[in-house]
Structures are given as structure tokens and as C-alpha cells.
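Enquirer: here is my input; please provide its structure:
(chains A and B, ligands or ions: 2)
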Amino acid sequence: MSENLEVKLEVKELVKVFGSQPGKAIAMLEQGVSQERILGATGQTVAVNDVSFSVRNGEIFVLMGLSGSGKSTILRCINRLIEPTSGRIVVDGKDITFLPRRELRSVRQKQLGMVFQQFALLPQRTVLQNTVYGLEVRGVGKDDREKKARKTLNLVGLSGWENSYPDNLSGGMKQRVGLARALTNDPAILLMDEAFSALDPLIRQEMQDELLALQRHLNKTIVFITHDLQEALKLGDRIAFVREGTLVQVGTPREVIENPADDYVKRFIHAIVGEKGGATHVSLAVRPVG
Amino acid sequence: MYRLPLGQWVSQGVDWLLNHYGPGFDAFSGTAGMVIQGLRSVLTASPWWLIVLVIAILAWRSGGRKLTFGSILGLLLIYDLRLWSAFIDTLVLVLISAFVSIIIGIPLGILAAHGKYLRRVILPVLDIMQTMPSFVYLIPALMFFGLGTVPAVFATVVFAMPPVIRLTDLGIRQVPVDLVEVGEAFGSTPGQMLWKIELPLALPTIMAGVNQTMMLSLSMVVIAAMIGAGGFGQGVLSGISQMDIGKGFENGLAVVILAMILDRVTQGLTRTERR
Ligand SMILES: Nc1ncnc2c1ncn2[C@@H]1O[C@H](COP(=O)(O)OP(=O)(O)OP(=O)(O)O)[C@@H](O)[C@H]1O
Ligand SMILES: [Mg+2]
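Expert: Residues are numbered from 1 along each chain as shown, chains lettered A, B, ... in the order given. Ligands and ions are numbered 1, 2, ... in the order given. As a prediction, the model looks like this:
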């Protein structure tokens, strides 16, 4: 397979401005005015500023960054829960940036799964009913969709819980349902916005291990948001550092640790290894390549 | 000095409506009257204990022992006071008004929740509906629909429907953002969004609106009786005209009993539906 075909998802020159006059903000951006000044002068929030990256088939691509840096906005532009102000989103070689609603729905149904930080399970539905949601929306018959849902529930270790309600589940189990719900649709791409951040540390590690185990035979293309570097190093094939809406560095965990691009990245790394000479120590936590 | 001929405009408008659509209103009033009369005949023809039994079962399913016991006792009292046919009349008025309020109110609430501009139009109209003294719209109600239960339902709906609209609007807007995102992210159509996500989540709030609507329609029974709706309101009215405090009290108490039963049963049903 050629290098080009392997790219599953491309984000090109993505800009997102929140506010009623994005044109103004973009003009100022082009003149090199800072985001802070733009916000002060026009009230427009530049949340994402010229972000480009591509994710290869089967890769886990992590977006790292402080709160408010624009990670969620980037992720939501990928499935257009947030409409990009400018730039392109290319899924599987197809530009979806201007896709009309109906076709966009079909792309969301079949190609882009999403897992949410606060699980976002429908409280009036059982675990099984939550898990079938995507297939139900696609009009798949009841028997068929429940069969598939039971399979993914089994995959995430929730067999026997089909008829429980979300309220009666622990956080870890809720997120297993959230994961199963996304996987039941069998999308090639999974968007995970701080999917494990709401979990206790131990459960969180367990879920990380499980995601990696699942990934070994599911081979999804995953965009994963976190602000925990440990998690990024453990899960990520590549990590992108987001700062004030721009990518300051994209690289493998090893590259990032050994060659942090700037102080922003260094701060994250020092936070987990201490000021001095922790690189070798950290690399132990890095998943071996292949 | 110039005086704005506001009243004149309104009466001209009503006249115009009557001249152009008079037969339409008559026909509507006729059919609606027949439907209401039909429901009333069914309930009147049913043995009284059967109705008590049905209500007791509803009470049992929604509230448990205490509510069941209390409902039976209250209904027995109403029967014993020879108020059973008034009870049927009032029950029919309240149920029909609630039904009409739901049929009109929920769609309006949904529209209000989705359209910022529409909400800006609807909400002030609701304020007017609730604060305009009901006697004012009794006059056109009578002109359009004649005497009887139909204008009473009309007046009751005008006064009692706003909570359904308001709480449907509120319930839908209160659906957590991330659940709306789930709907979007999985590619739901707007219809699926409404039926699978928004309405189920808004249901408890909508039911609170229905409950309020029923309570408000009960507060309209005396006014409804003034235009010929009968029921407990009729009893209260004749109590007033005959200076018969006993009669007035008995009918008033019956309204309270019906209100308590409807209130607890609708609240209870909402709760059980959630689980
Ligand atoms: N709907 C919106 N309207 C206006 N501004 C917004 C909106 N959503 C996000 N923003 C702003 O855009 C910027 C980026 O927000 P975003 O949610 O993408 O950050 P994040 O990196 O995901 O942060 P966190 O780690 O807290 O989730 C922030 O300054 C935020 O205030
Ligand atoms: Mg975020």
C-alpha cells in the first residue's frame, strides 16, 4: 500500500473563530495580530489557528494541551459538530468540509465514531439500547443491531449488563458502554475527547490497557484528546501539542521527549519526570514501536 | 382629543371572522361538541364504581397504597354528596382541555425550543394568555362557539395551555449539550433527534407542564360553568346565587378532591415512567 493511501484522516489549515465576525478576526490573524489582541479588539475567539495534520490508518494520534488550548474544537471540527471557519477536513480521501447535511450524516454514521468525556449515555435507555443507538439511527433491524451490540458489549467486558441502566453503573463501566456504542457502528475513525479523564486513576489505567488491547485487533484510526502526558505517551503513536489553537510539535513519544520543541512542551515533560535527566526513565513508559 | 379606537378594531376583527368563517366555527363547534358529548355519555353510562375502580388502579400504579386509599375515599364522598354527574362533567372538561393543550402545546413548545425568533414571539403571547382576565375572551368564545362545553374548553385551554408550551420548551432546551452531541455525532436526522433524544429526556418536564395545565383548568371550572359547562362550577355558582354556603362548600371540596387525585396521579405516572 502506498504511503498516500494509508492516510485515513487529514486536517488541513483548519481555522475556527467563535463569534459573529470571523472575517475580521481572520484578516487580523493574517496581519499577525495575536489572538489575545483580536479577542480584545473584536470579541472574536480564535480557538484554532491554522492547524494541519494527517493521521494514518490504524494510528492513535493524541492531541495534548492545556485547558482552553483548542483540542476539543479541533476534534469537533473533524466530524463538524463545530463548523470550521476555514480549512479542510478529508476523511478517507474525501473532502467532507462542505458536505451537505444528508451526506454528512451518513459519514458520521459510518466512518466517524465518538466517545465523550462525561460518557453521555442516554439515561432512559438500557446499556443495550444505548449501544444500538448508532445502528438504530441507520435503520438497521432490531435483531441485527442487537446482535452486533451484544458482540461489542462482550468485547468491552460488559456481557450480562445489557439490561442495566446507566445510573446503576460505575464510571469505568459507563465509559465501556460509551466505547461499545461507538464501536458497534464499526467506524474506521474514533474521536475520543478526554474519554478517560473522568475516571479514577486505577480504572483509567485499566481502560487505557484495554483500549490498546482492543486496538491490536480492531486497528482503528483514533484521535485521542488528553491533558495527561502519561496517558499520551502510553497510548499515542504520535502526539501533537496544542497551544493557543496551534500545533507546536507533532512527533512520536520518543521524539517529543528527547527533543521537546519549546518551553510549552518541556513544561509537560518536566511535570512528570522532574527537572533533570528523566528522559531515559520516561522512555520506559513509552510503548515499544510495532 | 383623539382616542385610539382599539376596542372598535378588535370587535370589527371578530365580526369579520364571524362573517367569513361563521359556518366554519359552527361546524367545528358542532363536531367538537359531539366528541365531548360522546365521552360524557360513555362515562355517564359506565357504572360509577367502575370509574372509581379505574381511578383506583391508576392511583395504585402511580402512587401506591396511600394514594389509592385516599382517592377511593374522596370519590366515595363525591358520590355520596350526589355530585357524581357534576364530577363526570368536570372530569370531561379537564381531560378534554388537557388533551387539547397537549396536542397544541407540545408542538408549539418544540418549535419554540428550536427557533430563537419563534420563542420571542410565543413567550409574550403566553404571558398575555395567562394575565388577560378570562372574562375578556369569554365574549368572543361565546360568539364563535355559542353556549356550552366547547367555549368552556376554549377558554380553559387559553388559560391552561401555557405551562405545557413553556415546560416543553424548557425541557428540550435543558437536554444536556453532550447528549445532543451524541445525537449529532451518530448522524441522527432532526426527527430522530427529537424522538430519540430530546423528547424522552424532556418528558418529565413536559409532564410537569401537563400536571400544571390540569391544575389550572380546574381553577377555571367556575368560569367555565358561567358559559354553560356544568359540573362542580355550576354547583358553586348556584351556591353563590342562592347564598347556600353548604352547597358551595361541597362543590368546592369536590374540586379539591379531583385536583389532588389528578395531581398525584400525573406526578406519579411521570416518576414511574422514568424508571
Ligand atoms: N461555543 C463556543 N463559543 C465561544 N468560544 C468557545 C466555544 N467553544 C470553545 N470556545 C473557546 O475556544 C477555546 C478553545 O476551547 P476548547 O474547548 O477547544 O479547549 P480544550 O483544549 O478542549 O480545553 P479543555 O481541556 O478545557 O477541554 C477556549 O478559549 C474556549 O473558551
Ligand atoms: Mg475539551
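Enquirer: check contacts around the closest residue to A:Thr226 other than its chain neighbours.
Expert: Ranked by C-beta to C-beta, 6 or more residues apart in numbering or on different chains and with sequence neighbours excluded, the top spatial neighbour of A:Thr226 is A:Ala232, at 5.4 Å. C-beta here means a position set from N, CA and C on the backbone, and glycine is covered the same way. For A:Ala232, the contacting residues are A:62, A:64, A:224, A:226, A:239, A:253, by C-beta atoms under 8 Å, 6 or more residues apart in numbering or on different chains.
Enquirer: out of these, which are close to ligand 1?
Expert: Among these, proximity to ligand 1 is found for none (C-beta under 6 Å from any ligand atom).
Enquirer: can you redo those as CSV with pLDDT, secondary structure and neighbour count?
Expert: Shown next, in CSV, are these (pLDDT from 0 to 100; DSSP: H, G, I helix; E, B strand; the rest coil; neighbours: other C-beta atoms under 10 Å in any protein chain shown):
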residue, pLDDT, secondary structure, neighbour count
A:Val62, 97, strand, 28
A:Met64, 94, strand, 28
A:Phe224, 97, strand, 25
A:Thr226, 94, strand, 25
A:Ile239, 96, strand, 26
A:Pro253, 93, helix, 23
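Enquirer: what's the closest of those residues to B:Trp16?
Expert: A:Phe224 (66.0 Å; C-beta to C-beta).
Enquirer: so the closest one sits right up against A:Met192, yeah?
Expert: Yes. In this structure, A:Phe224 is within contact of A:Met192 by C-beta atoms under 8 Å, at 4.6 Å.
Enquirer: shaky segments in the chain?
Expert: Because you didn't say which chain, this covers chain A. Applying pLDDT under 70 to chain A flags residues A:1-5, A:274-290.
Enquirer: switch to chain B, that's the one I care about
Expert: In chain B, residues with pLDDT under 70: B:271-275.
Enquirer: got a list of what A:Leu190 touches?
Expert: By C-beta under 8 Å, 6+ apart, the neighbours of A:Leu190 are A:113-115, A:182-183, A:220-223.
Enquirer: now those residues in a markdown table, with secondary structure and distance to chain B?
Expert: Below are the contacts of A:Leu190 laid out as a markdown table (DSSP: H, G, I helix; E, B strand; the rest coil; distance: C-beta to the nearest C-beta, whole Å):
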| residue | secondary structure | distance to chain B |
| --- | --- | --- |
| A:Gly113 | strand | 8 |
| A:Met114 | strand | 4 |
| A:Val115 | strand | 9 |
| A:Ala182 | helix | 9 |
| A:Leu183 | helix | 12 |
| A:Lys220 | coil | 15 |
| A:Thr221 | strand | 16 |
| A:Ile222 | strand | 15 |
| A:Val223 | strand | 13 |
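Enquirer: what ranges do the helices span in the chain?
Expert: Picking chain A for this. A:22-30, A:35-42, A:71-78, A:101-110, A:127-131, A:133-138, A:142-155, A:171-184, A:201-218, A:229-235, A:253-258, A:263-273, A:279-285 (DSSP state H).
Enquirer: ah, I was thinking of chain B
Expert: Counting by DSSP H, the helices of chain B are B:6-45, B:48-62, B:65-80, B:84-114, B:116-131, B:134-145, B:149-160, B:162-173, B:177-185, B:190-192, B:199-218, B:221-226, B:232-241, B:245-274.
Enquirer: and of the helices of chain A, who's closest to B:Thr131?
Expert: helix A:101-110 (40.9 Å).
Enquirer: tell me which residues are up against the closest one.
Expert: Applying C-beta under 8 Å, 6+ apart, the external contacts of helix A:101-110 come out as A:79-80, A:91, A:94, A:96, A:99, A:134, A:137-138, A:185, A:187, B:184-189.
Enquirer: just the buried ones from those?
Expert: A:79-80, A:91, A:96, A:99, A:134, A:137-138, A:185, A:187, B:184-188 (16 or more other C-beta atoms under 10 Å in any protein chain shown).
Enquirer: would you confirm that A:Val223 contacts A:Phe53?
Expert: No. Using C-beta under 8 Å, A:Val223 is not in contact with A:Phe53, being 9.2 Å away.
Enquirer: give me the common contacts of these two.
Expert: Contact criterion C-beta under 8 Å, 6+ apart; residues shared by A:Val223 and A:Phe53: A:Phe61.
Enquirer: stretch B:76-85: end-to-end distance?
Expert: Stretch B:76-85 has an end-to-end distance of 13 Å (criterion: C-alpha to C-alpha, to the nearest Å).
Enquirer: can you list the buried residues in that stretch?
Expert: Quick answer for stretch B:76-85 (16+ other C-beta under 10 Å): B:78, B:81, B:83-84.
Enquirer: ok, which pair from those residues is furthest apart?
Expert: Using C-beta to C-beta, the two most remote members of the buried residues of stretch B:76-85 are B:Leu81 and B:Trp84, lying 8.7 Å apart.
Enquirer: circling back: how about the helices of chain B, which one is nearest A:Ser69?
Expert: That would be helix B:177-185 among the helices of chain B, by C-beta to C-beta, at 19.8 Å.
Enquirer: what packs against that closest one?
Expert: Counting contacts by 3 or more C-beta pairs under 8 Å, 6 or more residues apart in numbering or on different chains; DSSP states H and E, helix B:177-185 packs against strand A:112-115.
Enquirer: which residues does B:Asp263 contact?
Expert: Neighbours of B:Asp263 in contact, by C-beta under 8 Å, 6+ apart: B:211, B:214-215.
Enquirer: quick one: which of those residues is nearest B:Val94?
Expert: When the contacts of B:Asp263 are compared against B:Val94 (criterion: C-beta to C-beta), the nearest one is B:Met214, at 5.9 Å.
Enquirer: give me phi/psi at the closest residue to B:Gly228 other than its chain neighbours?
Expert: Distance criterion C-beta to C-beta, 6+ apart; nearest residue to B:Gly228, sequence neighbours excluded, is B:Leu147 at 4.1 Å. Per-residue torsions, B:Leu147: phi -80, psi 160 (degrees, to the nearest 10).
Enquirer: for residue 86, grab the count of nearby residues.
Expert: The chain I'm using is chain A. Neighbour count of A:Ser86, defined by other C-beta atoms under 10 Å in any protein chain shown: 15.
Enquirer: actually, chain B is the one I wanted.
Expert: By other C-beta under 10 Å, the residues close to B:Ala86 number 24.
Enquirer: does it really touch B:Asn251, like I thought?
Expert: Yes. With contact defined as C-beta under 8 Å, B:Ala86 reaches B:Asn251; the gap is 7.0 Å.
Enquirer: quick one: name the residues of the stretch 51-200 of chain B near chain A.
Expert: By C-beta under 8 Å from any C-beta of the partner chain, the residues of the stretch 51-200 of chain B that approach chain A are B:176, B:178-179, B:181-182, B:184-189, B:192, B:196-197, B:200.
Enquirer: quick one: which two of those residues are the most distant?
Expert: B:Pro176 and B:Thr189 (20.2 Å).
Enquirer: any bit of stretch A:121-128 sitting next to chain B?
Expert: Yes. Stretch A:121-128 reaches chain B (C-beta under 8 Å from any C-beta) through A:122-124.
Enquirer: which member of the contacts of B:Asp263 is positioned nearest B:Arg40?
Expert: Distances from B:Arg40 to these, taken by C-beta to C-beta, are shortest for B:Met214, at 17.8 Å.
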